[in-house]
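Student: let me see the structure of the following:
(chains A and B)
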Amino acid sequence: MRRALLSVAVVALVGAGAAWWLTAPDNLPASALDGVTGDAGRGQVLFAAAGCGSCHIAPGAEETDSPVLSGGRRFATQFGTFVAPNISPSPQGIGDWSDYQVVNAVMRGVDDEGRHLYPAFPWNAYNKATVQDVADIVAYIRTLPPSDAGSLPHELSFPFDIRQSLGGWKLLFEHRDWVLQGDLTPEQERGRYLVEALGHCGECHTPRNALGGLDRSAWLAGAPDPAGKGRVPNITPAGLDWSEDDIVTMLQSGFTPDYDVVGGEMAQVVRNTAQLSDEDRAAIAAYLKAVPPVESTAPQPGAGDSTAEEGTASDEGDS
Amino acid sequence: MHRLAKTTLLATALLLPAGVLLAQEADESPEDLAVEMRQGHMLNFAHNLMALGAMAQEKTAYDAATATAAAENLSHLAAIHWDYYWPEGTSNADRQDTGALPAIWENMDDFNAKHEALQQAVANLQTAAGTDLASLQGAMGDVGKACGGCHETYRAKEE
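Tutor: Take a look at the predicted model:
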């Protein structure tokens, strides 16, 4: 009997140990930044391409060339409300973090104290970026004004408030490989990098399972708005029948083919994509034409009476 | 009570509200009209922007007279006093046929400020449209920003 109890105890201990080990952070190698120097000049446009400001600039802040990344924006989801933290170069932000620590947070979802970060922060897209690009973004962020605003805690329900459980989430749902595989032109590859890695478009445009993992079989096929009402549109060729020119125009100006102007979060995205080069916008369009068409129930961008400002906001303006 | 009588009573109770609703639809309320008018107003914007956009994108040849005419239309559309477009009870929390978010009524001053920003952008476009293609292209960008700046905060996603 004692022996049996002991066996159970050992098995339980080993199991717990294995679980702990399996859910422990998987950091970038310590040498990841060897020979890499961040270039703040390059970082500025990459910062826009990665959409950092859309979440980390305080809600309602004026548009400026030197944004204050004080955080505070709230994201309501089925798991609770996430609050974007201060990532400005101050002690309350990332001022005291090493470059390695920031790059590791961006690409592995682990903070300076080794704790998992929630996937509301799109490290599951940024993990496909190059270390050089992320280091450039970090160098740029360090040139921006500091803010001493304290980061607010997320307001999550049990059990989602247990950070260690995110290790399990990562085992199940973290993907460091591209969704769109196969032979791509250099332009399509560039578009893939901008859409799947930096732009993290799939975070809103791809449906999620009950645990919040992306359904990569319905990549970019549209999804319910996590905040509640409405849907984010399908931007696969099955949902988006725009020409590549149309897509480029929208990313540059916000105008859809029928001269509605996109709103919602997509208005913020357009402020970012407007800063990209014409070549990069064309690359995004080329990529979107290459992803597999997936039918969905999401509204088609620009379909129907979307020129009306009213509820027929069918464009990704509302994504 | 007999089963039949019960059933009849139940059916009447269920159908009565539907009948009331149908009767209401027959003549439009001021709220119905406001929603229809502002949606039509937005379509009018889009129609005139389309002509300018085709030139800005160099899909049609630039023509100063056509561009000026469309820009003048936009200027009239933007100048309209539209307070009566936004009566209480016409947000998407009140009705299905609108994407106007309740935030409009919670921040009416900001909403009106964004309307004024549109008026300014369109006034600039009016000057630029007749000047040359490059001026038109530049001014169109600012009009898009003014439209998007409002849609960003005050328009809902489609259901």
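Student: what does stretch A:84-91 rub up against?
Tutor: A:52, A:55-56, A:68-75, A:92-95, A:141-152 (C-beta atoms under 8 Å, 6 or more residues apart in numbering or on different chains). In this view, the C-beta of every residue, glycine as well, is placed from N, C-alpha and C.
Student: show the buried residues in those.
Tutor: The neighbour count (16 or more other C-beta atoms under 10 Å in any protein chain shown) marks A:52, A:55-56, A:68-73, A:92-95, A:141-142, A:144, A:146-147, A:149 as buried among the contacts of stretch A:84-91.
Student: so which of the contacts of stretch A:84-91 sit within strands?
Tutor: Among the contacts of stretch A:84-91, the members found in strands (DSSP state E) are A:Arg74, A:Phe75.
Student: ok, and of the contacts of stretch A:84-91, which contact chain B?
Tutor: Near chain B, taking C-beta under 8 Å from any C-beta of the partner chain as the test, no member of those is found.
Student: surely A:Gly53 meets A:Pro67?
Tutor: Yes - taking contacts as C-beta atoms under 8 Å, A:Gly53 lies within contact range of A:Pro67: 5.0 Å.
Student: show me where chain B has helices.
Tutor: B:3-26, B:30-56, B:64-79, B:103-106, B:108-129, B:133-154 (DSSP state H).
Student: any idea which residue sits dead centre in chain A?
Tutor: A:Pro122 (3.1 Å; C-alpha atoms, centre = their mean).
Student: what's the closest non-adjacent residue to it?
Tutor: Ranked by C-beta to C-beta, 6 or more residues apart in numbering or on different chains and with sequence neighbours excluded, the top spatial neighbour of A:Pro122 is A:His200, at 3.9 Å.
Student: returning to that earlier point: just the ones of the buried ones among the contacts of stretch A:84-91 in helices?
Tutor: Per DSSP H, the buried ones among the contacts of stretch A:84-91 map to helices at A:Cys52, A:Cys55, A:His56, A:Ile141.
Student: tell me the one of those nearest A:Glu279?
Tutor: Of all these, A:Glu279 sits closest to A:Cys52, with 21.5 Å by C-beta to C-beta.
Student: now the closest one: how far from B:Leu33?
Tutor: Distance of A:Cys52 to B:Leu33, computed by C-beta to C-beta, to the nearest Å: 44 Å.
Student: same question for A:Gly109.
Tutor: Taking C-beta to C-beta, one finds A:Gly109 at 51 Å from B:Leu33.
Student: swap in A:Gln132?
Tutor: 58 Å.
Student: which of those two has more residues huddled nearby?
Tutor: A:Gln132 (17 against 14; other C-beta atoms under 10 Å in any protein chain shown).
Student: what about A:Gly35, how many neighbours?
Tutor: 7.
Student: so where is chain B shaky, pLDDT-wise?
Tutor: B:1-26, B:159 (pLDDT under 70).
Student: which bits of it sit near chain A?
Tutor: B:35, B:38-43, B:45-47, B:49-50, B:53, B:57, B:92, B:96-100, B:140-141, B:144-145, B:147-159.
Student: could I have the buried ones of those residues as PyMOL selection syntax?
Tutor: In PyMOL, a selection of the buried entries from those looks like this (16+ other C-beta under 10 Å):
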select buried, chain B and resi 35+38+39+41+42+43+45+46+47+49+53+57+92+98+99+100+140+141+144+145+147+148+149+150+151+152+153+154+155+156+157+158
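Student: circling back to that earlier point, state the pLDDT value of the residue nearest to the centre of chain A.
Tutor: The model reports A:Pro122 with a pLDDT of 98.
Student: the residue nearest to B:Pro87 when sequence neighbours are not counted: neighbour count?
Tutor: Nearest residue to B:Pro87, sequence neighbours excluded (C-beta to C-beta, 6+ apart): B:Ala34, at 5.3 Å. For B:Ala34, the count of nearby residues is 20 (other C-beta under 10 Å).
Student: ok, B:Ala34 touching B:Glu88?
Tutor: No - with contact defined as C-beta under 8 Å, B:Ala34 and B:Glu88 do not form a contacting pair (10.1 Å).
Student: ok, back up a step: so, if you compare the ones in helices among the buried ones among the contacts of stretch A:84-91, which one comes nearest to chain B?
Tutor: Taking C-beta to the nearest C-beta as the measure, chain B lies nearest A:Cys55 of those, at 14.1 Å.
Student: who's in contact with that closest one?
Tutor: Applying C-beta under 8 Å, 6+ apart, the residues contacting A:Cys55 are A:Arg73, A:Phe75, A:Ala84.
Student: apply 7 Å and report the result again.
Tutor: When contacts are counted by C-beta atoms under 7 Å, 6 or more residues apart in numbering or on different chains, A:Cys55 touches A:Arg73, A:Ala84.
Student: how close does it get to A:Asp99?
Tutor: From A:Cys55 to A:Asp99 the distance is 21 Å (C-beta to C-beta).
Student: same deal with A:Phe79?
Tutor: Counting by C-beta to C-beta, the gap from A:Phe79 to A:Asp99 is 31 Å.
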